[in-house]
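Student: Here is a sequence together with a model predicted from it:
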Amino acid sequence: MSLSRSGTWRLSSPPPANRVQPVSPTGVEAEEGGGAQTPLLDDSQPDSTELVARRYDKYIALLTSVENFTDNYLSLIAINVKQYEKIIKNLQSNVSPQFEVSPGADAPVSGSVAGSGYKQAVAGEGVYSPAGAGAAPGAHEQLGPVGLNEFLEALKVRTDMNHSAAVELDSTIRTQVLPEFKRIISEIQSRKKEFLSASQKEVKELKKLHGTTSKELAKLQNSVSSFDSSYSSSVGPKIDYRSDPYIIKRSVLHHGHEQLNKENSHFDFLESNEITLGIMEKQIVEILKKIFNNFSVSITNYLGKGINTFDDLNNQLAAIPVDYEWERFKERNAQSLISGEADPDSVKIDNDLSDVTSKLSLTTARFEITKNPYKRTLSDVVFPNQTHTATEPILEGVLLRREGKITKKYKSYYYVITRTRYLFEFQSRSFKDSHHPSLVMFLPECLVGNPSAPGDGKFKFTVQGKDISQLVSMTKKTVSFKASSYEEMLTWYNVISEVSGLMYTNEEMKSAAMAQITPDKSDDEEDVTAESIAPQN
């Protein structure tokens, strides 16, 4: 055993296999991580909430624009319907001339419907049926002599047909096209609202954790500064154990771990919503295609073959890949998106749009994320005073402690002796479980009992003093410790003796061993059982 230049006790021989190894020099438990270390309070972490929200707005604006266009076109169709109704009314109200037979002749005049053997023009029978728009075979065929009466009747039939087509188109737009636009816009607005609400809640929680970590870092800075000014020599004044740099650093690690977990959870949330948005964009584009296709076909059928405008628009829209805009969006905003820098192979997306096409409704996004470069662990971050000497313990490890005066059962705990001469007891080595000590003793105010003799195999010693971790600590208590070997017991005993101001020489230790003085005679015949502390990740 030797005292290093930094003031930390080091064992010259390897520790027993059943002992927990000390933490790393940085005081951070090893965790899987990668990349360069970054500050614990890193304000440069990306947040794509506003960008994603604006992306929602763009699609809402897109669909609203197309909806307004459709609605305005409906107004045009409604005007056509009213005009056709006016034409029909005029045709019905006006007195149609009825040409009769020629004077002195038995045959009716051409165009007269008075004579027998002539048929009135009826829609669907081929008499003056307009080309296209439901024209029957034999269109424009004459069933008999065609005159002015048949011409007027054909005008009525064609007007009725055009009016019916306009009414049907008006009904199609009102009942099949516009409601679909309103429904999909409402769905997107609802998705955006849910996303913003959840993101704002997470950001609020994350800011709270950042504030807590910031306070702990400030406390650590003050504690370290006080240590540097007060402990320039080997022995400094007694300080409140809650101001011990080791304890505060442990608190920083604890709160930093919670902060990073929340940060990583927020990154998961943002990445999931970005990928969901990308999948949703495909669905939106597919739904837009389907709705606009229905609208376009209705308009095309109504206007006839002479107008190819909507065919061109529909073909142009149909040729656009569903992920075309999303891929350009990702490329343009790669630095701002959580998923922008991700390896394409790390995200597996189900691109099946059959349900979207058949139901015209957004479905649940299906994808799997295997890796994200923005996620961090404690191994990836640094913070001020992380490796300061004051935060490193003089000695640490696992000891068995007797649970009470009556019981003979021993239980293992993790003990740390700090440079401010405190002995701390923790439930486990991991700061994730708890950064608050369950036992605190100021060693200069404690008495150290004689250790076990080398040959008795008990490896015990006692420390008598006040447990100042309790709110009320009026009486002293004797704590019985048991090590895993005689050498380990001597290490703890000598360090505690030196820190408490009572250091035995080797001759004194040999005399004590020869006298076979034990720390607690009541333990001589006990059956010791212990619970091991396992390192916790």
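Tutor: Perfect, thanks for sending it. Predicted model only: the values in this text are computed from it and were never measured.

Student: I'd assumed residue 467 was in contact with residue 446.
Tutor: No: using C-beta atoms under 8 Å, residue 446 makes no contact with residue 467, being 10.3 Å away. For the C-beta atoms, the positions are set from N, CA and C on the backbone; glycine is no exception.

Student: ok, these two, which is more surrounded?
Tutor: Each of residue 446 and residue 467 has its neighbours counted (other C-beta atoms under 10 Å); residue 446 has more, 22 against 17.

Student: Contact partners for that one?
Tutor: 423, 463, 464, 465, 496, 500 (C-beta atoms under 8 Å, 6 or more residues apart in numbering).

Student: buried sites along stretch 182-189?
Tutor: Within stretch 182-189, the residues scored as buried using 16 or more other C-beta atoms under 10 Å are 184, 185, 187, 188.

Student: One more: stretch 391-410?
Tutor: 391-402, 410.

Student: measure that stretch end to end?
Tutor: End-to-end distance of stretch 391-410 (C-alpha to C-alpha, to the nearest Å): 29 Å.

Student: Roughly how far does residue 494 sit from residue 454?
Tutor: 14 Å (C-beta to C-beta, to the nearest Å).

Student: How about residue 380?
Tutor: Distance from residue 380 to residue 454, counting by C-beta to C-beta: 47 Å.

Student: sec struct for residue 414, please.
Tutor: strand (DSSP: H, G, I helix; E, B strand; the rest coil).

Student: does it have beta-bridge partners, and which?
Tutor: The partner list for residue 414 in beta bridges (DSSP bridges) reads residue 398, residue 426.

Student: And the strands in the stretch 151-300 of the chain?
Tutor: With strands called from DSSP state E, counting those that start in this stretch, the stretch 151-300 of the chain shows none.

Student: can you give me the helices for it?
Tutor: 178-230, 245-303 (DSSP state H, counting those that start in this stretch).

Student: Of all those, which one comes closest to residue 480?
Tutor: helix 245-303 (24.4 Å; C-beta to C-beta).

Student: Next, the angle from the closest one to helix 178-230.
Tutor: For helix 245-303 against helix 178-230, the angle by axes from the mean of the first three to the mean of the last three C-alpha atoms, to 10 degrees is 170 degrees.

Student: how about residue 385, phi and psi?
Tutor: Main-chain dihedrals, residue 385, degrees, to the nearest 10: phi 60, psi 20.

Student: Pretty sure it sits against residue 224.
Tutor: Yes: counting by C-beta under 8 Å, residue 385 does reach residue 224; the two are 4.7 Å apart.

Student: Give me the common contacts of these two.
Tutor: 245, 391.

Student: What average pLDDT does the helix or strand harbouring residue 64 get?
Tutor: Here residue 64, judged by DSSP states H and E, is contained in helix 49-93. For helix 49-93, mean pLDDT is 92.

Student: Residue 227 versus the nearest residue to residue 60 once chain neighbours are set aside, what's the distance?
Tutor: In space, and not counting its chain neighbours, residue 60 is closest to residue 188: 5.5 Å by C-beta to C-beta, 6 or more residues apart in numbering. Between residue 188 and residue 227 the distance is 57 Å, computed by C-beta to C-beta.

Student: in terms of contact, does residue 337 touch residue 273 like I think?
Tutor: No: counting by C-beta under 8 Å, residue 337 does not reach residue 273; the two are 10.6 Å apart.

Student: In this structure, where is pLDDT below threshold?
Tutor: Along the chain, the model assigns pLDDT under 70 to residues 1-35, 95-150, 232-235, 305-311, 313, 316, 473, 502-537.

Student: What are the structural domain limits within it?
Tutor: As given by automatic domain parsing, the domain ranges for the chain are 39-68+184-380, 393-523.

Student: quick check, distance from the longest one to the centre of its chain.
Tutor: What that stands for is domain 39-68+184-380. Taking C-alpha atoms, centre = their mean, to the nearest Å, one finds the center of domain 39-68+184-380 at 7 Å from the center of the full chain.

Student: Much appreciated, bye for now.
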